[in-house]
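Chemist: Generate a structure from the sequence data that follows.
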Amino acid sequence: MKDKFYNYIQQLQNTITSKLEEIDGTAKFQEDIWKRPEGGGGRTRVIENGAVFEKGGVNISAVHGALPESMQNYFGVKDADFFACGLSLVLHPKNPMVPTVHANWRYFEMYDKSGKLVDQWFGGGQDLTPYYLFEEDAIHFHTICKEACDKHNTEFYNKYKKRCDAYFWNAHRNEARGIGGLFFDYCKPNKEMDIEGWYNFVTEVGNSFLSSYIPIVTKRKSLVYKESQRNWQEIRRGRYVEFNLVHDKGTLFGLKTNGRIESILMSLPPHVQWKYDHHPQKGSEEEKLVAVLKEPKEWV
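Modeler: Below is the predicted model of the structure:
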């Protein structure tokens, strides 16, 4: 399964980066192959200063070795080894009318010291972070997420949408990072689904990503915007950074397992602002967005 899924994310990375270069029309992804001293490595691809994408990364990695003590404590195990692979992407568009998007699909195995597989699971999801709320875009994104889920279990969308709303929550701000999507983790073999079934579900979601996001980019990338709207985008990006550095499990896992810092922090936007005690004007489009972030909506 680990070889099968790693082959899948290698192909998916190629598919996604090719399409994003086509949409941008100017910038190309810079590729960086890296090795992890403790075992494994990855292929980082970053796009910067494009016509559409100010900064973005589409990264894959496959790492293995002894599970660090901090993670042993987290999982409640002793002397375990692990294997983890996944694709992680974040795209920060230049135009504030185009939303930031994040996605991640991953697979994890744990072994005892004799090399016996003792646990395995999939995780992942995708979520949208707009700066200006176009409700039809939110509905489109969530519709594609629901269609992918419904092919495998009609209860998955509601369950994983709720988990996404709960996970991408900036508790210290009492607001969501964005308008959500899907979030699933610890998807293990059970009486409802074997590991092959979970593989089929996760790859279905991964394959649906471009159709959930690219139509939105195409529709919004040429809209005219003002400097004040760009400032708002950079203020909201600050909240994005806060979530990733304070709450995000993937970032924390990477830092605690001696991950590659450039790949871990590629999710951070290039231009960002923190204004003291900033509040949008009453009745503005900016306030409309914040209201939705305070109380997640049912989009489909």
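Chemist: Please export the C-alpha coordinates of stretch 66-79 as PDB.
Modeler: The C-alpha coordinates for stretch 66-79 follow below in PDB (Å, rounded to 0.1, in the frame of the first residue of the first chain):
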ATOM      1  CA  ALA A  66      12.400   5.700  14.300                       C
ATOM      2  CA  LEU A  67       9.300   7.500  15.600                       C
ATOM      3  CA  PRO A  68      10.700  10.500  17.600                       C
ATOM      4  CA  GLU A  69      10.000  10.400  21.400                       C
ATOM      5  CA  SER A  70       7.600  13.300  21.200                       C
ATOM      6  CA  MET A  71       5.500  11.500  18.700                       C
ATOM      7  CA  GLN A  72       5.700   8.200  20.600                       C
ATOM      8  CA  ASN A  73       4.200  10.100  23.600                       C
ATOM      9  CA  TYR A  74       1.500  11.500  21.300                       C
ATOM     10  CA  PHE A  75       0.500   8.100  19.900                       C
ATOM     11  CA  GLY A  76       1.000   6.300  23.300                       C
ATOM     12  CA  VAL A  77       3.600   3.800  21.900                       C
ATOM     13  CA  LYS A  78       7.200   2.900  22.700                       C
ATOM     14  CA  ASP A  79      10.100   2.000  20.400                       C
END
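Chemist: Identify all contacting residues around that stretch.
Modeler: Stretch 66-79 is contacted from outside by Glu38, Ala80, Asp81, Phe82, Met110, Asp112, Lys113, Phe253, Lys256, Thr257, Asn258, using Cβ atoms under 8 Å, 6 or more residues apart in numbering. The way it works is simple: take the backbone N, C-alpha and C, and place the C-beta from them, glycine included.
Chemist: let's see 10 Å
Modeler: 38-39, 80-82, 84, 108, 110-113, 118-119, 249, 252-253, 255-258 (Cβ atoms under 10 Å, 6 or more residues apart in numbering).
Chemist: Drop anything exposed from those.
Modeler: Listed as buried from those are Ala80, Asp81, Phe82, Ala84, Phe108, Met110, Tyr111, Leu252, Phe253, Thr257; burial here means 16 or more other Cβ atoms under 10 Å.
Chemist: Pick the one among those residues closest to Asn7.
Modeler: Asn7 lies nearest to Ala84 out of those, by Cβ to Cβ, at 15.6 Å.
Chemist: Apart from its neighbours in sequence, what residue is nearest that closest one?
Modeler: Phe108 (4.9 Å; Cβ to Cβ, 6 or more residues apart in numbering).
Chemist: buried stuff in the helix or strand containing the one you found?
Modeler: Assigned by DSSP states H and E, Phe108 belongs to strand 100-111. For strand 100-111, the neighbour count (16+ other Cβ under 10 Å) marks Thr100, Val101, His102, Ala103, Asn104, Trp105, Arg106, Tyr107, Phe108, Glu109, Met110, Tyr111 as buried.
Chemist: any idea how far Lys297 is from the second one?
Modeler: When distances are taken as Cβ to Cβ, to the nearest Å, Val101 and Lys297 turn out to be 18 Å apart.
Chemist: The third one too?
Modeler: Taking Cβ to Cβ as the measure, His102 falls 19 Å from Lys297.
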